[in-house]
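*Asks:* Sequence first, then the predicted structure:
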Amino acid sequence: MYISERARKMEPSATLAVTAKAKSLKREGKPVISFGAGEPDFDSPPSAIRYAEEAMRKGQTHYTPGTGIPELRESICTYYKDHFGLEYTPANVVVGAGAKPLLFEALGCLVDPGDEVLVFTPAWVSYVEQIRLLGGKAVLVDTSKTDFIPRFDDVKKAITPRTRAMIVNNPNNPTGAVYDEQCLKDLGRLAVEHNIAILYDEIYERLVYGNSVHHQILNLVPEARDLTVIINGVSKAFAMTGWRIGYALGPSSIMGYLGDFQGHLTSNACSVAQWASVGALKEAEQDVQKMHGAFEKRRDLIVELMKDIPYISFTEPNGAFYVWFSVEKVLGKSWNGQVITDDITLCKVLLESKYVALVPGSAFMADGNVRISYSNSEEEIREGMKRFKEFLEELK
Ligand SMILES: Cc1ncc(COP(=O)(O)O)c(C=O)c1O
């Protein structure tokens, strides 16, 4: 069978690959600790389960409007009004099967073959692949030398007449960086000046720690409203990854197209999961806060433990649930005769020898680094970091 060039050029999701390998080792009975998956280990909120059960009992198991049930779109508007003071109507909201397909659909509405999209690296695995799948070109702007915050001059230099959009992921996966006001104002103004759409992926907006504050870009640059599509969802803050519900809010100029795009791709997101999300948005605030508190404690713990680990260096993360660190000083050393040539080999040998799963930085367009997802219990964090330290101490 002929396989298209598009499919052959696609890189599989490295995070999913690591998680799958960790799970298969676990099935073999190995004592695996996985810091791979970007998902909370908590149960979904009771209100979500209750709404889902009620929906099933009441026969809400059919197609829904393609862009989502009115009750959920209303709840999303209320959430944005309450949390950010932004006014949207349900007509400006599209509910999808997770934030991931909504990003693809939004890019599909913005990018023609050959068009460019700015991506600030290190960046989440799927952005670049989605842009490529659409025939677009991802223009990478490196933030590793600027504390993982995109800087005005670097972004401006990357803009060309073919630039259609910039993806702004704040708080950031994989770095845990939280963008400051100045950065967001700069990005917003550049977008307005050059007529570039902003895909504002704030899926981790509830997960910021210490003195850090999450800013909604439209509160800083309201004039960018007609160019901005907000991407959010219940996966991370509400511990609802498996339900697959995300949502997009944006101006009428694009949302109709986005809804039509989705209509041909998936139709509506799962009806029961939509009702579960209504329950979550309406009644799970306390659960979100409790999980946030647990994540903050875990972040403090892992950062303290990592300070004591040899060879690695990192900037303390302020958001999401990741720590991003450089392993440059490990490269070239060997473990039990196996030379650690790059971050991929490091993660492979570590998983096979100590059963600790981490994600190689090359999956985020940043070789020589590694991502830890600390959505694990404190015991697992202690044990995992102990094994990782042992591994590095055994290097020759
Ligand atoms: C930055 C970022 N955006 C979007 C998503 C996708 O979220 P969802 O599970 O809702 O598709 C993820 C999930 O890992 C993410 O890290």
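*Replies:* Looks like it came in fine.

*Asks:* The closest residue to the ligand within the stretch 51-200 of the chain: how many residues sit nearby?
*Replies:* Residue of the stretch 51-200 of the chain nearest the ligand, by CB to the nearest ligand atom: G98 (2.8 Å). In short, each C-beta sits where N, CA and C put it, glycine included. Residues lying near G98 (other CB atoms under 10 Å) number 22.

*Asks:* in the stretch 1-150 of the chain, which spans are strands?
*Replies:* Applying DSSP state E, counting those that start in this stretch to the stretch 1-150 of the chain gives strands spanning 33-34, 93-96, 116-121, 137-142.

*Asks:* any chance of these in JSON lines, with mean pLDDT and distance to K81 too?
*Replies:* Listed next are those as JSON lines, based on pLDDT from 0 to 100; distance: least, CB to CB, whole Å:
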{"stretch": "strand 33-34", "mean pLDDT": "94", "distance to K81": "38"}
{"stretch": "strand 93-96", "mean pLDDT": "98", "distance to K81": "12"}
{"stretch": "strand 116-121", "mean pLDDT": "98", "distance to K81": "29"}
{"stretch": "strand 137-142", "mean pLDDT": "98", "distance to K81": "33"}
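
*Asks:* Name the stretch among the ones you listed that sits most buried.
*Replies:* Counting by mean count of other CB atoms under 10 Å, strand 93-96 has the highest mean neighbour count of the strands of the stretch 1-150 of the chain, with a mean of 28.

*Asks:* Excluding its own residues, what touches that one? List them.
*Replies:* Residues from elsewhere that reach strand 93-96, judged by CB atoms under 8 Å, 6 or more residues apart in numbering: 67-69, 72-73, 76-77, 102, 105, 245-249, 255, 258-259, 262, 266, 268-269, 274, 277.

*Asks:* Near the ligand, list only the ones from those.
*Replies:* Restricting the contacts of strand 93-96 to those near the ligand by CB under 6 Å from any ligand atom leaves G246.

*Asks:* So which of the contacts of strand 93-96 belong to helices?
*Replies:* L72, R73, I76, C77, L102, E105, M255, L258, G259, Q262, Q274, S277 (DSSP state H).

*Asks:* hey, C-alpha coordinates of the helix-or-strand element of the chain with minimal mean pLDDT in PDB?
*Replies:* One helix or strand of the chain scores below all others by mean pLDDT, DSSP states H and E: helix 14-27, with a mean of 82. What follows is helix 14-27, C-alpha atoms only, in PDB (Å, rounded to 0.1, in the frame of the first residue of the first chain):
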ATOM      1  CA  ALA A  14       7.300  11.000  22.100                       C
ATOM      2  CA  THR A  15       5.400  11.500  25.300                       C
ATOM      3  CA  LEU A  16       2.800   8.900  24.300                       C
ATOM      4  CA  ALA A  17       5.700   6.500  23.200                       C
ATOM      5  CA  VAL A  18       7.500   6.900  26.500                       C
ATOM      6  CA  THR A  19       4.300   6.300  28.500                       C
ATOM      7  CA  ALA A  20       3.500   3.200  26.400                       C
ATOM      8  CA  LYS A  21       6.900   1.700  27.000                       C
ATOM      9  CA  ALA A  22       6.700   2.500  30.700                       C
ATOM     10  CA  LYS A  23       3.300   0.800  30.800                       C
ATOM     11  CA  SER A  24       4.500  -2.300  29.000                       C
ATOM     12  CA  LEU A  25       7.400  -2.700  31.400                       C
ATOM     13  CA  LYS A  26       4.900  -2.200  34.300                       C
ATOM     14  CA  ARG A  27       2.800  -5.000  32.800                       C
END
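
*Asks:* who in the stretch 1-150 of the chain is up against the ligand?
*Replies:* G38, G98, A99, K100, W124.

*Asks:* Nearest residue to the third one in space, please, no chain neighbours.
*Replies:* Setting aside the residues directly before and after it, A99 is nearest to G246 in space (CB to CB, 6 or more residues apart in numbering), at 3.4 Å.

*Asks:* count of residues packed around the closest residue to the ligand within the stretch 251-396 of the chain?
*Replies:* Closest approach between the stretch 251-396 of the chain and the ligand, counting by CB to the nearest ligand atom: A320, at 7.5 Å. Per other CB under 10 Å, the neighbour tally for A320 reads 30.

*Asks:* Would you confirm that it contacts P171?
*Replies:* Yes: using CB atoms under 8 Å, A320 and P171 qualify as a contacting pair, with a distance of 4.7 Å.

*Asks:* tell me, what's touching the two both at once?
*Replies:* Common neighbours of A320 and P171 (CB under 8 Å, 6+ apart) are Y204, L207.
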